[in-house]
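below are the sequence and a predicted model for it; my questions follow.
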Amino acid sequence: MRYESPTTTKAAATLLAREKGQADVLAGGTDLLVRMRMGMSEPDLIVDIKRIPAMCQIKVAAAGTKIGAGVTGFELGENKALKKLWPGVVEATNLIGSDQIQGRCTMVGNLCNASPAADSVPALIAAGASAIVVGPDKRRTVKVEKIVTGPGQTSLMKGEVIEAITLPKRPRNSSDAYLRFIPRTEMDIAVVGAAVNLTLERGRVKTARVVLGAVAPTAILVPAAAKAIVGTKLDKEALAKLAAACSAACSPIDDRRGTIEYRTRVAGVMARRAAEIAFKRAGGGK
Amino acid sequence: MSGVLVSTTINGDAVEFACPQNETLLNSLRDRVGLTGVKEGCGTGDCGACSITLDGRLVCSCLVLSAEANGREIGTVEGIAQGDKLHPLQEKFIEHAALQCGICTPGFLVAAKSLLERNPNPSEEEIRYGLAGNLCRCTGYDKIVRAVQAAAKEMRKK
Ligand SMILES: Cc1cc2nc3c(=O)[nH]c(=O)nc-3n(C[C@H](O)[C@H](O)[C@H](O)COP(=O)(O)OP(=O)(O)OC[C@H]3O[C@@H](n4cnc5c(N)ncnc54)[C@H](O)[C@@H]3O)c2cc1C
Ligand code: FES
Ligand code: FES
C-alpha cells in the first residue's frame, strides 16, 4: 500500500484516477481504517486529503456556507457562527461516535461511507446541501441526496473526490434539527434518524424539508411530511399528519436493534419532535 | 512494500522513525518508539485504550496511520507526569482505586486530561459523556468518574 498526501484537490483527483489498483480517499479514517483492520478493504493507494488547505476551511455566511471535506466533527462543534445558522447539521455530525471519533470524523466521510444509518446525512439533505465533486479534468456540484445510491455505494466516479459541502443561503427565521433514536445514550448506530429544516413567515411554516435515516437503503426525503406542515403553526393536527407521512415513507429492515413495525412508528415520533425543535429554534410559537 | 520516514514531536521531544506505509500509529508507538502506555483493546475505535492527542486533539491511535503523523505533535500517557511528579489525575486514580487490571487506564487518563482542558468543571453527566469512548471492564466506571471529579477540583485550585 502506498500513502500520498497531496496539497491540492486536483493532485488528489489525478492520483486517484491514475491508480490501477484500488484507491481510497482518507479523511478521518474512522470508517476506512476500521474496514482495513477487519480485512474488508485492501487499498493499493490511500490519498490523505487533510493536507489540502481548501479542504480544511469553514466559511460561514447567511448568503451561503462552505465546509471543507477534511473538517472534523470537533471543529464543526467549535464553530459558533455555524452552530447558530445550522444547528441541526452540527448536532447531527456531533452525534457521531465518541470524543476520540469526533477528533477525526468528517461529514463527507460519513456521506461517502454510504451507511443507511449515517447521522449527518439526513441533516445535510434536509439543509439542501450540495457536494463539490472534483475529478482530474472537471468539477461538478451535486445535491447530497444524489451521492449515496445504496448501502455502501455512491455515484462518485473513479478519480473523483469531494472537496467541500455547501449549504444554501439562509433566510431569516430559519432553523433545523436532527434527532436519532438509539438503545443507549452514546456510541451506537441510529435505529431511526430524523432531520427537519424549515423557514417561517409570520409565525407559520413557509418551507420545510423532512428527511429520515436508517429506515430505508438510503436516507430519504419525505416531501409529503413537509407538505403536512407548510402553512401551519405546527399545531397538533399538522404534526400528526407529518408523523403519519414519515411512517408511510419507511421501508426499514428488521433486525435485533429494531423491528420493522418499531422503526416505522418511531420514525414518525422522531420527525415530529425534530420539527418542534426546529420550529422553536426558528423563532416559532411566540 | 516501501516504508515511510516519520518525523514527529512526541511528548515534547523530536522523534523520527521509519515504518511501513500502512502501519497504524498505535503499532509504531508501541513497537518502534517503545511507548507501551498506548494499549490496543479493539483496534477499531471502540474502546479508547489507544487514546493519544494529535496536534492537541484527542484521537484513537489505532485509527491513525503513522504516515499521517509526519510533522505533527503527539501526546501520550507517558507525557502526563512531570518527571517523578504525578499529574493530579494520576494521583486521584490511585487514591480512588479507579483501576483494577489497568489496561484501560492510560486511555482514560489521556481522554480525561483532554476533557478537563476543554471543560475544567464538568458535571458528572459531562464526564460520563466525555469518557464514553473509553471502555473499562473492571471498575464499573463509578470510581473513574469520582477520580476525575476529584482531580478537576484539585486542578481548579491552582
Ligand atoms: C467507534 C465508532 C463510532 C461511530 N459512531 C458513528 C455514529 O454514531 N454515527 C455515524 O453516522 N457514524 C459513526 N461511525 C462511523 C464513522 O465514524 C463516520 O461515518 C465518519 O463520519 C466517517 O468519516 P471519516 O472522515 O472518518 O471517513 P473515512 O474513514 O476517512 O472515509 C469513509 C469513506 O468515505 C470516503 N471518503 C472520505 N472522504 C472523501 C472525500 N472527500 N471524497 C470522496 N470520498 C471520500 C473514503 O474513501 C471511505 O470510503 C463510527 C465509527 C466508529 C469507529
Ligand atoms: S484499540 Fe483503539 S479504540 Fe480500541
Ligand atoms: S481496569 Fe481493567 S479494564 Fe479498566
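Happy to help now that I have it. Ligands and ions are numbered 1, 2, ... in the order given.

for stretch B:76-87, buried residues please.
B:76, B:77, B:78, B:79, B:80, B:87 (16 or more other CB atoms under 10 Å in any protein chain shown). Where you see a C-beta, it was placed from the backbone N, CA and C, and this is true even at glycine.

need the contact list for the closest residue to chain B within the stretch 1-150 of chain A.
Nearest to chain B in the stretch 1-150 of chain A, going by CB to the nearest CB, is residue A:98, at a distance of 2.4 Å. Applying CB atoms under 8 Å, 6 or more residues apart in numbering or on different chains to residue A:98 gives the contacts A:186, A:187, B:48, B:132, B:133, B:134.

contact partners for the spatially closest residue to it that is not a sequence neighbour?
Excluding the flanking residues, the one nearest residue A:98 by CB to CB, 6 or more residues apart in numbering or on different chains is residue B:133, at 2.4 Å. Residue B:133 sits next to A:97, A:98, A:99, A:100, A:101, A:187, B:48, B:51, B:60, B:111 when contact means CB under 8 Å, 6+ apart.

of those, the lowest pLDDT goes to which?
Among the contacts of residue B:133, residue A:187 carries the lowest pLDDT, at 72.

now the strands for chain B?
Applying DSSP state E to chain B gives strands spanning B:3-10, B:13-20, B:51-54, B:57-60, B:73-75.

turn those into JSON lines, including distance to residue B:66.
Listed next are the strands of chain B as JSON lines, based on distance: least, CB to CB, whole Å:
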{"stretch": "strand B:3-10", "distance to residue B:66": "5"}
{"stretch": "strand B:13-20", "distance to residue B:66": "5"}
{"stretch": "strand B:51-54", "distance to residue B:66": "11"}
{"stretch": "strand B:57-60", "distance to residue B:66": "13"}
{"stretch": "strand B:73-75", "distance to residue B:66": "10"}
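
out of those strands, the one nearest ligand 3 is which?
Ranking the strands of chain B by proximity to ligand 3 (CB to the nearest ligand atom) places strand B:51-54 first, at 13.0 Å.

contacts only, for the residue nearest in space to the middle of chain B.
Residue closest to the mean C-alpha point of chain B, counted by CA atoms, centre = their mean, is residue B:110 at 3.1 Å. Counting by CB under 8 Å, 6+ apart, residue B:110 makes contact with B:51, B:52, B:53, B:58, B:75, B:76, B:77, B:80.

one more pass at 10 Å, please.
Shown in contact with residue B:110 (CB atoms under 10 Å, 6 or more residues apart in numbering or on different chains): A:100, B:37-38, B:48-53, B:58-59, B:61, B:75-80, B:89, B:134.

cool, residue B:96 as well?
By CB under 10 Å, 6+ apart, the neighbours of residue B:96 are B:139, B:142, B:143, B:144, B:145, B:146, B:147, B:148, B:149, B:150, B:151.

and it, how close does it get to ligand 3?
Applying CB to the nearest ligand atom, to the nearest Å, the value for residue B:96 to ligand 3 is 12 Å.

before we move on, what's the pLDDT of the residue nearest to that residue when sequence neighbours are not counted?
Using CB to CB, 6+ apart and skipping the chain neighbours, the partner closest in space to residue B:96 is residue B:147 (4.0 Å). Model confidence at residue B:147, given as pLDDT, is 98.

residue B:147: neighbouring residues, count only.
Look at residue B:147: counted by other CB atoms under 10 Å in any protein chain shown, it has 27 neighbours.
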